[in-house]
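# need a 3D model of the following:
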Amino acid sequence: MLTIFLLPDEMAVVKMPATAPVPQWSLASTFFSITRTPDELSIVCSDELLPPTVQAERGWRCLQVAGPLDFTLVGVLASLATPLQAANVSIFAISTYETDYLLIKASQCSQAMAALQAAGHRIIEKQ
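Model (predicted):
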């Protein structure tokens with residue numbers, strides 16, 4: 001069983017050109033993730049910070065696995081992704097040094113939380 005925190009903000013997943021500078025507005029989010037690849041600059045941040053012209057998938061909620069998680073643990077994401085897949089909930093996963101985060105569509109939040117609780121996980125809503 002994992003303890004999972006539902007973070008309060010709605011999030012967005014932003015796609016920018018690979019060579020674009022990291023925009024200052026993304027750094028103001030209490031939670032943000034920035035990944036640059038040869039193909040794109042991908043940013044996850046609070047939905048409310050986005051300028052309207054930015055290409056983004058909006059309306060995500062963020063689930064944080066209580067950590068820190070040891071690097072030797074096996075199957076943490078699978079233990080979350082499997083019940084969500086069975087409930088037909090799509091995910092966007094982010095891993096950090098200490099833990100894992102799952103973004104789920106806000107419209108599927110209740111469905112996702114029910115599936116995770118049925119799988120034995122504990123959900124706590126953060127304020």
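# what sits against the nearest residue to residue 127 once chain neighbours are set aside?
Leaving out its chain neighbours, the residue that sits closest to residue 127 by C-beta to C-beta, 6 or more residues apart in numbering is residue 8, at 6.0 Å. In short, each C-beta sits where N, CA and C put it, glycine included. Shown in contact with residue 8 (C-beta atoms under 8 Å, 6 or more residues apart in numbering): 125, 126, 127.
# checking residue 8 next. Helix, strand or coil?
coil (DSSP: H, G, I helix; E, B strand; the rest coil).
# out of the contacts of residue 8, which one sits closest to residue 64?
residue 126 (7.8 Å; C-beta to C-beta).
# number of residues surrounding that closest one?
Using other C-beta atoms under 10 Å, residue 126 has 10 neighbouring residues.
# that one contacts residue 5, correct?
Yes: taking contacts as C-beta atoms under 8 Å, residue 126 lies within contact range of residue 5: 4.9 Å.
# how far away is the residue most central in space within the chain from residue 125?
By C-alpha atoms, centre = their mean, the mean C-alpha position of the chain lies nearest to residue 103, the distance being 2.9 Å. For residue 103, the distance to residue 125 (C-beta to C-beta, to the nearest Å) stands at 16 Å.
# and the contacts of the longest strand seen in the chain?
Longest strand in the chain by number of residues (criterion: DSSP state E): strand 56-65. Applying C-beta under 8 Å, 6+ apart, the contact partners of strand 56-65 are 2-7, 9-15, 31, 44, 47, 50, 76, 80, 92, 99-107, 109, 112, 116, 123, 126.
# just the buried members of those?
Neighbour counting by 16 or more other C-beta atoms under 10 Å classes 2, 4-7, 9, 11-14, 44, 47, 50, 76, 80, 92, 99-105, 109, 112, 116 among those as buried.
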